[in-house]
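J.: 3D, please:
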Amino acid sequence: MSYIIREVLKVILGITTLIFIITLSLFSLNEKDIAYAREDLNDFSVKQSSNLYYIGENYIISEESKKTFLDAFTFTLNGTEITPDAEKITLISDMNAIKPGKNYKCVFKYFYNDRIYQSEEVSFEISKRNISVTVLLNGTTDLTIEESEIKNIKINYDYVGAVDKDVRIETVNGVTVRTLNDDVLTNKAYVETLPKTPVEKYTVVAGNARSDYYNFSYEKSTLTITRTLVPELKLVSENDILVALNGSFSSVYSLNFKDIGTSTSSAEYVEIESDVERKYANSGTILTDNEVVACYNISVISSIDGSLADNVSATVRIRLADNLKNKNSYRVIALYNNGNTDILNASLSEEYLIFNAADMGDFLIITPIEGIGLTTYIIAGTIGVAAILIVVILVALFRKKY
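T.: The predicted model follows:
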């Protein structure tokens with residue numbers, strides 16, 4: 001009996017020893033695996049090496065964009081740069097990597113030679129996508145138009161290079177363009193100004209677009225504005241020409257004419273008269289020997305924007321009132337719009353006063369004062385006083401002698 005017990009104990013002891021040895025071996029192997037895994041972690045590194053641009057979807061979870069995503073990174077294993085098979089890479093991130101930004105993070109797991117290599121948490125950036133904006137002028141990028149058609153120019157903006165889901169195709173002013181949706185465009189592109197006078201190959205470029213998803217470049221378009229000249233501008237009333245300008249004028253110019261009159265109750269005339277007196281106070285007898293018989297304002301206006309045309313020279317013809325046609329001579333005091341002033345010779349021909357002006361502005365028609373003028377009275381008075389003095393002196397000398 002004791003023999004059997006000893007044999008059983010030997011068997012139990014042997015089994016226990018075997019279990020201990022196996023357990024010890026497994027523990028030792030596990031320690032080696034843990035150490036090796038830790039070594040693998042340290043020897044596998046990932047770093048972003050090129051730009052990732054906004055694509056309108058999550059780079060991390062989309063299989064279609066995974067290869068593009070991986071191509072933006074450099075992988076190093078055991079000190080050697082590698083190009084891992086995309087199918088053997090698993091991406092782990094709790095971030096929605098869509099909108100451009102710098103704070104995205106991801107962990108890379110690489111299955112290679114029956115081992116798992118895991119990177120530390122890698123930071124990466126998504127950049128704004130670059131697109132171009134083209135200005136279309138009446139549907140083209142090279143427009144030539146006559147000056148009178150400036151107000152009819154239609155402008156469209158075509159956005160090229162955006163993600164399909166961010167673009168809508170629409171027809172504006174009869175032109176089909178690609179437009180960014182409002183949810184990705186915080187400020188639309190626009191052209192601040194276009195020229196309003198004739199110009200050759202003027203460069204038109206948009207600007208000012210803003211977006212959290214896109215950067216913008218602006219393509220150049222060109223605009224040429226031509227001018228058609230006409231030889232005369234005139235105002236007609238009841239088939240009679242009231243005033244006419246002969247010269248060279250744009251077809252978009254129109255003539256404005258106002259008979260201001262010479263009444264001192266007119267604030268407009270009083271202001272013009274005061275301006276003349278200031279400018280010609282030291283110019284001899286032009287103001288004392290002449291009277292103002294009429295005052296007109298003549299201006300040339302652009303029909304494009306209503307602006308005053310500058311330095312418009314012309315031969316001016318004004319139909320005079322009947323009571324002004326019997327003067328011996330006429331002159332014109334011109335207060336030009338460009339700030340200059342001049343005294344012009346004028347003539348009467350077929351009921352029209354005619355003179356040449358270097359610009360438009362206010363025109364005062366003057367004629368000599370009829371009868372003996374103030375200057376004549378002064379001269380005559382001076383001569384008379386001198387004669388009396390001479391007589392008195394002669395009489396005194398004569399009496400003293402005799």
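
J.: my read: residue 175 touches residue 137, true?
T.: No. With contact taken as CB atoms under 8 Å, residue 175 and residue 137 are classed as non-touching, separated by 9.9 Å. C-beta: built from backbone N, CA, C; applies to glycine.

J.: so between those two, which is more surrounded?
T.: Comparing residue 175 with residue 137 by other CB atoms under 10 Å, the one with more neighbours is residue 137, at 21 against 16.

J.: for that one, give the beta-bridge partners.
T.: Beta-bridge pairing for residue 137 (DSSP bridges): residue 140, residue 155.

J.: and it, what does it touch?
T.: Residue 137 makes contact with 143, 153-155, 204, 221, 223, according to CB atoms under 8 Å, 6 or more residues apart in numbering.

J.: would you mind measuring from it to residue 325?
T.: 53 Å (CB to CB, to the nearest Å).

J.: how about the helices in the stretch 101-250 of the chain?
T.: With DSSP state H, counting those that start in this stretch as the criterion, the stretch 101-250 of the chain has no helices.

J.: quick check: which ranges of it have low pLDDT?
T.: Low-confidence segments of the stretch 101-250 of the chain (pLDDT under 70): none present.

J.: please enumerate the strands of it.
T.: Along the stretch 101-250 of the chain, counting by DSSP state E, counting those that start in this stretch, strands occupy 101-112, 115-118, 122-127, 129-137, 142-146, 155-160, 167-172, 175-180, 199-204, 214-218, 221-226, 229-237, 240-250.

J.: hang on, residue 293 packs against residue 326?
T.: No. Residue 293 is not in contact with residue 326 according to CB under 8 Å; the separation is 10.7 Å.

J.: these two: which has the busier surroundings?
T.: residue 293 (16 against 9).

J.: helices or strands up against the helix or strand harbouring that one?
T.: Using DSSP states H and E, residue 293 maps to strand 290-302. Strand 290-302 is packed against strand 240-250, strand 253-259, helix 267-279, strand 361-368, with contacts defined by 3 or more CB pairs under 8 Å, 6 or more residues apart in numbering; DSSP states H and E.

J.: what average pLDDT does the following helix or strand past it get?
T.: Toward the C-terminal end, the helix or strand that comes next after strand 290-302 (DSSP H and E) is strand 314-319. The predicted model assigns strand 314-319 a mean pLDDT of 97.

J.: buried ones in strand 314-319?
T.: 314, 316-319 (16 or more other CB atoms under 10 Å).

J.: mind checking the helices and strands packed on strand 290-302 for the one nearest to residue 196?
T.: Residue 196 lies closest to strand 240-250 among the helices and strands packed on strand 290-302, at 11.1 Å (CB to CB).

J.: the inter-axis angle of that closest one versus strand 290-302?
T.: Counting by axes from the mean of the first three to the mean of the last three CA atoms, to 10 degrees, strand 240-250 points 50 degrees away from the direction of strand 290-302.

J.: so what touches strand 240-250?
T.: Under the contact criterion CB under 8 Å, 6+ apart, strand 240-250 has outside partners 147, 198, 227-236, 255, 257, 296, 298, 300, 302, 309, 312-319.

J.: mark which of those residues are buried, thanks.
T.: Among the contacts of strand 240-250, those scoring as buried are 147, 198, 233, 235, 255, 257, 296, 298, 300, 302, 309, 312, 314, 316-319 (criterion: 16+ other CB under 10 Å).

J.: who's in contact with the most centrally placed residue in the chain?
T.: For the chain, the residue nearest the mean C-alpha position is residue 192 (2.7 Å; CA atoms, centre = their mean). Counting by CB under 8 Å, 6+ apart, residue 192 touches 207-208.

J.: if we go to 10 Å?
T.: 205-208 (CB atoms under 10 Å, 6 or more residues apart in numbering).

J.: need the strands of the stretch 101-250 of the chain in CSV (columns: distance to residue 271).
T.: Compiled in CSV, the strands of the stretch 101-250 of the chain are given as follows (distance: least, CB to CB, whole Å):
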stretch, distance to residue 271
strand 101-112, 65
strand 115-118, 89
strand 122-127, 64
strand 129-137, 44
strand 142-146, 39
strand 155-160, 42
strand 167-172, 49
strand 175-180, 51
strand 199-204, 37
strand 214-218, 48
strand 221-226, 37
strand 229-237, 24
strand 240-250, 22
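
J.: out of those strands, which comes closest to residue 55?
T.: Nearest to residue 55 among the strands of the stretch 101-250 of the chain is strand 129-137; the distance by CB to CB comes to 7.6 Å.

J.: residue 47 contacts residue 125, correct?
T.: No. At 11.8 Å, residue 47 and residue 125 do not qualify as touching, with contact defined as CB atoms under 10 Å.

J.: what comes up buried for stretch 97-104?
T.: Neighbour counts over stretch 97-104 (16+ other CB under 10 Å) mark 97-98, 100, 104 as buried.

J.: so what touches that stretch?
T.: Counting by CB under 10 Å, 6+ apart, 48, 52-62, 65, 69, 91, 93, 95-96, 105-106, 122-129, 184, 211-215 sit against stretch 97-104.
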